[in-house]
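The amino acid sequence is not available; the structure is as follows:
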């Protein structure tokens, strides 16, 4: 077994770092209705049953993984009957698998995003959902990139369903949130903006280019800011500012932040140069948008530094609110 | 390291079994021209450089593998710069990798198919190319299923270029030859027929359905005979007969047989029930088509039995020619 970069300790470290000054709430029970608005029924049924089928069919190994993916010119009119076929049909990457705890953890992660969103809808200026697994790579019907249910998309939909006319998702993870983009690509009621590594260089490789601006009525409601490796905070921050300008131009009434901190200079699988204090600045910059904000945890793999970087974003955000 | 089912010993066992009664020839040098007629230039350049880039970029591990594949709704207008991106862009499966010997072996395998085809063009009734790696899963621009260059497609193109008006590829491997189908799907000068496991159940999962009949002028020149698991020789042979009827109806002037023997009852990754003597019958049935025939080795993973099964096909074929 090779351990995944996306490991349980990530949550423990962040929780410990936040414990001093922040109030925790356990999430309420997950509500499947909002998840079904974002994800395909067949996909959700697959996720729910995959591990039990893997075991029941006598498969070996500690986790169920895809083998073969429906790439260009393949026939996607048929969903394979076999579990191995479905693991490919409902996925796009070999970096994550499905095991005993995957589905329960995925539902708990989504419940956290739902509860944080409820807190904001109830009047909180901001709330942070310490989600794990992350979500922004999950499309309506595909898992990959450690993601199964798209927590940020569920949160944005929930804000829309509560009556907000337009919602922004601002994705600051090192990797492009291909799932979130894909889910809202043809909609004008959810703006998706992302600052991320150029997909020519990094995962997810096949989405996240600057020329992807939305489709149909969604044109103009998708903004990608791909950046080269070794980008530091100045250029990164300028790209975020272009995103926040677009959020303002489109009259968004609330913001979901896909908060990955793998832009950190010491991240083991990423190549930007942000340092601890840059995350404080990031928090201030996000606060300046002046919108009710749901933070949803995404990536970040420098486990020892995760707590500091997340706390810095939230502290910077709070400090800006307090006028510091 | 987990050893692949597609292992070097496969060739040794077949060679040993054939050595008694059959004449061997070393292949001539590979000719890239015919390979470039079948495969995309960028793809061939990728295959040629992948291992050296993997090493030069400091990647770890014994082989280069894909991580993320361009599935539905991904943007495929950009070929990623990064090697890891290209491993996904130019692939569709995680069952095979690229290592030090992959490209040289692939070229030798293609050279074998070319030399066998030349022998048939020079007047031999049949020739057998002991290819490894196999080829029928390789598309014009994707590797997967242990395949890199599509040897059967190269052979068929070579027969066409020598002046034959129409050529048949008859694929008897347990798995559908998605690459071969894809390469010729819009052409009427190469008929592709395949008897294989229903892709609902088995690899390659996303191609090989009965309703895939060709496109454009190619309609009617693709015939898939998917069969359920646990199919025995009677039903299998009836499906092959439908293929051979189509070969006759379309006035093919030569035949390339994609010879996989993983239809064998003891194959470790396949689920048909053919036994040793059924391969002799298969050889007779193929001979009855009455066409110059290039046999190209594809799959078969019951290593200890590979020699017997391949020899039986060729002996059955020869016996039919001799009127036995």
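Sure thing, it's come through. Note that the structure is a prediction, hence the values are computed from the model and not measured. Residues are numbered from 1 along each chain as shown, chains lettered A, B, ... in the order given.

Would you quantify the distance from the most centrally placed residue in chain A to chain B?
Residue closest to the average C-alpha location in chain A (Cα atoms, centre = their mean): residue A:136, at 2.8 Å. Between residue A:136 and chain B the computed distance is 14 Å (Cβ to the nearest Cβ, to the nearest Å). C-beta: built from backbone N, CA, C; applies to glycine.

which ones are touching that residue?
Counting by Cβ atoms under 8 Å, 6 or more residues apart in numbering or on different chains, residue A:136 touches A:145, A:147, A:150-152, A:171, A:173, A:175, A:177-180, A:258, A:260, A:298.

What about those, which are in strands?
A:171, A:258 (DSSP state E).

Which ChimeraX command selects the buried ones in the contacts of residue A:136?
The buried residues among the contacts of residue A:136 can be selected in ChimeraX (16 or more other Cβ atoms under 10 Å in any protein chain shown) with this line:
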select /A:145,147,150,151,152,171,173,175,177,178,179,180,258,260,298
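
ok, and which of the contacts of residue A:136 reach chain B?
A:145, A:178 (Cβ under 8 Å from any Cβ of the partner chain).

Looking at the contacts of residue A:136, which is nearest residue A:74?
Using Cβ to Cβ, residue A:178 is the member of these that sits closest to residue A:74, with 18.7 Å.

quick one, what contacts that closest one?
Contact analysis of residue A:178 by Cβ under 8 Å, 6+ apart lists A:136, A:137, A:139, A:145, A:204, A:206, A:207, A:208, B:74.

let's see 10 Å
A:92-93, A:136-139, A:142, A:144-145, A:147, A:194, A:196, A:199, A:203-208, A:212, B:68, B:73-75 (Cβ atoms under 10 Å, 6 or more residues apart in numbering or on different chains).

Next one: it from residue B:152, what distance?
35 Å (Cβ to Cβ, to the nearest Å).

And for residue A:78?
25 Å.

What strands line up against the strand ranked longest in chain A, and which way round?
Longest strand in chain A, counting residues (DSSP E): strand A:190-197. In the sheet, strand A:190-197 lines up against strand A:167-171 (parallel), strand A:222-227 (parallel) (DSSP bridges).

Which strand or helix spans residue A:279?
Remark: residue A:279 resides in helix A:276-287, with elements defined by DSSP states H and E.

would CSV of the strands paired with strand A:190-197 with mean pLDDT be doable?
Below are the strands paired with strand A:190-197 laid out as CSV (pLDDT from 0 to 100):
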stretch, mean pLDDT
strand A:167-171, 98
strand A:222-227, 98
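
deepest of the ones you listed, which one?
Among these, the stretch with the highest mean neighbour count (mean count of other Cβ atoms under 10 Å in any protein chain shown) is strand A:167-171, at a mean of 28.

now that strand and helix A:276-287, what's the angle there?
Using axes from the mean of the first three to the mean of the last three Cα atoms, to 10 degrees, the inter-axis angle of strand A:167-171 relative to helix A:276-287 is 170 degrees.

now the residue of chain A most remote from its centre: how far from residue A:83?
Computed with Cα atoms, centre = their mean, the residue of chain A farthest from its C-alpha average is residue A:58, at 33.1 Å. Separation of residue A:58 from residue A:83 (Cβ to Cβ) stands at 11 Å.

go on, residue A:188?
Distance from residue A:188 to residue A:83, by Cβ to Cβ: 38 Å.

more crowded one of the two?
Legend: neighbour count by other Cβ atoms under 10 Å in any protein chain shown for residue A:188 and residue A:83, higher for residue A:83 (19 against 15).

element containing the residue nearest to residue A:304 when sequence neighbours are not counted, please.
The shortest distance from residue A:304 to any non-neighbouring residue, by Cβ to Cβ, 6 or more residues apart in numbering or on different chains, is to residue A:13 (7.1 Å). Secondary structure from DSSP H and E places residue A:13 in helix A:9-18.

Which residues are in contact with residue A:268?
Residue A:268 sits next to A:5, A:262, A:301, A:302, A:303 when contact means Cβ under 10 Å, 6+ apart.

quick check, nearest of these to chain B?
The shortest gap between chain B and any of these belongs to residue A:5, at 12.2 Å (Cβ to the nearest Cβ).

tally of neighbours for the closest one?
Neighbours of residue A:5 (other Cβ under 10 Å): 18.

Next: residue A:253.
Quick note: residue A:253 (other Cβ under 10 Å) scores 14 neighbours.

One more: residue A:310?
26.

Say whether chain B is contacted by stretch A:93-113.
Yes - applying Cβ under 10 Å from any Cβ of the partner chain, one finds stretch A:93-113 touching chain B at A:93, A:94, A:95.

can you put the residues you listed in a markdown table and add secondary structure, neighbour count and pLDDT?
Shown next, in a markdown table, are those (DSSP: H, G, I helix; E, B strand; the rest coil; neighbours: other Cβ atoms under 10 Å in any protein chain shown; pLDDT from 0 to 100):
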| residue | secondary structure | neighbour count | pLDDT |
| --- | --- | --- | --- |
| A:93 | strand | 26 | 96 |
| A:94 | coil | 21 | 93 |
| A:95 | coil | 19 | 90 |
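
Quick check: which element contains the residue nearest to the centre of chain A?
Using DSSP H and E, residue A:136 maps to neither a helix nor a strand.

What's the separation between it and residue A:262?
Distance of residue A:136 to residue A:262, given as Cβ to Cβ: 12 Å.

Over to residue A:181?
In terms of Cβ to Cβ, residue A:181 sits 18 Å off from residue A:262.

helix or strand right after the helix or strand bottoming out on mean pLDDT in chain A?
Taking mean pLDDT, DSSP states H and E as the measure, chain A has helix A:9-18 as its least confident helix or strand, at a mean of 93. Note on helix A:9-18: by DSSP H and E, the next helix or strand toward the C-terminus is helix A:32-38.

tell me which strands and helices that next one is in contact with?
Judged by 3 or more Cβ pairs under 10 Å, 6 or more residues apart in numbering or on different chains; DSSP states H and E, helix A:32-38 is in contact with helix A:41-56, helix A:102-121, helix A:151-161, helix A:178-184.

Looks like residue A:208 contacts residue A:199 (just checking).
Yes - between residue A:208 and residue A:199 there is a contact under Cβ atoms under 10 Å: 4.1 Å.

Name the residues contacting each of those two.
A:175, A:176, A:178, A:224, A:226, B:75, B:78.

quick one on the thing from earlier: let's have the strands paired with strand A:190-197 in CSV, adding distance to residue A:124.
Putting these into CSV (distance: least, Cβ to Cβ, whole Å) gives the following:
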stretch, distance to residue A:124
strand A:167-171, 16
strand A:222-227, 27
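
what about residue A:279, neighbour count?
25.

show me the contacts for the spatially closest residue to it that is not a sequence neighbour.
Counting by Cβ to Cβ, 6+ apart, residue A:279 lies nearest to residue A:312, which is 3.8 Å off, once chain neighbours are set aside. Applying Cβ under 10 Å, 6+ apart, we find residue A:312 in contact with A:17, A:261, A:275, A:276, A:277, A:278, A:279, A:280, A:281, A:282, A:283.

Compare those and tell me which is most surrounded.
In the contacts of residue A:312, the most neighbours by other Cβ under 10 Å go to residue A:261, 29 neighbours.

Could you tell me which residues make contact with that residue?
Neighbours of residue A:261 in contact, by Cβ under 10 Å, 6+ apart: A:14, A:172-174, A:267, A:270, A:274, A:276, A:279, A:282, A:297-302, A:305-310, A:312-313.

Restricted to helices, list those.
Among the contacts of residue A:261, DSSP state H puts A:14, A:276, A:279, A:282, A:305, A:306, A:307, A:308, A:309, A:310, A:312, A:313 in helices.

As TSV, those with distance to residue A:33 would be great.
Output for the ones in helices among the contacts of residue A:261, formatted as TSV (distance: Cβ to Cβ, whole Å):
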residue	distance to residue A:33
A:14	28
A:276	40
A:279	34
A:282	33
A:305	37
A:306	32
A:307	34
A:308	37
A:309	34
A:310	29
A:312	35
A:313	30
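
Which elements pack onto the helix holding residue A:279?
Using 3+ Cβ pairs under 10 Å, 6+ apart, the elements in contact with helix A:276-287 are strand A:126-129, helix A:233-249, strand A:254-259, strand A:293-297, helix A:303-321.
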